[in-house]
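*Asks:* quick one, what's the 3D model for this:
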Amino acid sequence: MSDDIDSPCFRAALSTFGGMVQRQRQASHWTFLDMFEKTGIEIAALSALEQGRAALPEAEMEKISEYFGLGPDLFTKLLRSERMKAANQAAASNNGQRETVVDIARYRKLWQETTSQPTD
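*Replies:* As a prediction, the model looks like this:
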């Protein structure tokens, strides 16, 4: 997850993911203590995740997703969906002209540095 955690897309995906985790936990009649015992993830971190205030490391988010049968890549799918919504809204606000979703120029220099041949 290379997105900035303050980006609107990331925040929206995190809020959706947290709500899904909360509903699954409550449907299972588990407390935060039960979740901590089952996953080893701190109670404060679980609470913040459910409220959409803080993200966990990717491995822990995948663990929770798999634990509830939501699929290991759920957060990634939610984030991709939020990015597409934002891109579609930007396109609609520009009278159908799409804005650049990925700035290739930003990555070009790094790519050139990592793939160039060494000089003698």
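*Asks:* list the contacts of the residue nearest to Ala45 when sequence neighbours are not counted.
*Replies:* Excluding its sequence neighbours, the residue lying closest to Ala45 (CB to CB, 6 or more residues apart in numbering) is Leu56, at 5.8 Å. (Glycine included, C-beta is placed from N, CA and C.) Contacts for Leu56 (CB atoms under 8 Å, 6 or more residues apart in numbering) come out as Ile41, Ala45, Leu49, Ile64.
*Asks:* try it again with 10 Å
*Replies:* The contact partners of Leu56, taken as CB atoms under 10 Å, 6 or more residues apart in numbering, are 14, 17, 39, 41-42, 45-46, 48-49, 62-64, 75.
*Asks:* and the buried ones among those residues, selectable in PyMOL?
*Replies:* A single PyMOL command is used to select the members of these judged buried by 16 or more other CB atoms under 10 Å:
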select buried, resi 14+17+41+45+46+48+49+62+63+64+75
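*Asks:* could the contacts of Leu56 be laid out in TSV, adding pLDDT, secondary structure and distance to Pro8?
*Replies:* Shown next, in TSV, are those (pLDDT from 0 to 100; DSSP: H, G, I helix; E, B strand; the rest coil; distance: CB to CB, whole Å):
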residue	pLDDT	secondary structure	distance to Pro8
Leu14	93	helix	11
Phe17	94	helix	15
Thr39	89	helix	28
Ile41	92	coil	26
Glu42	94	coil	27
Ala45	94	helix	22
Leu46	94	helix	24
Ala48	94	helix	19
Leu49	94	helix	18
Glu62	89	helix	23
Lys63	88	helix	26
Ile64	90	helix	23
Phe75	91	helix	16
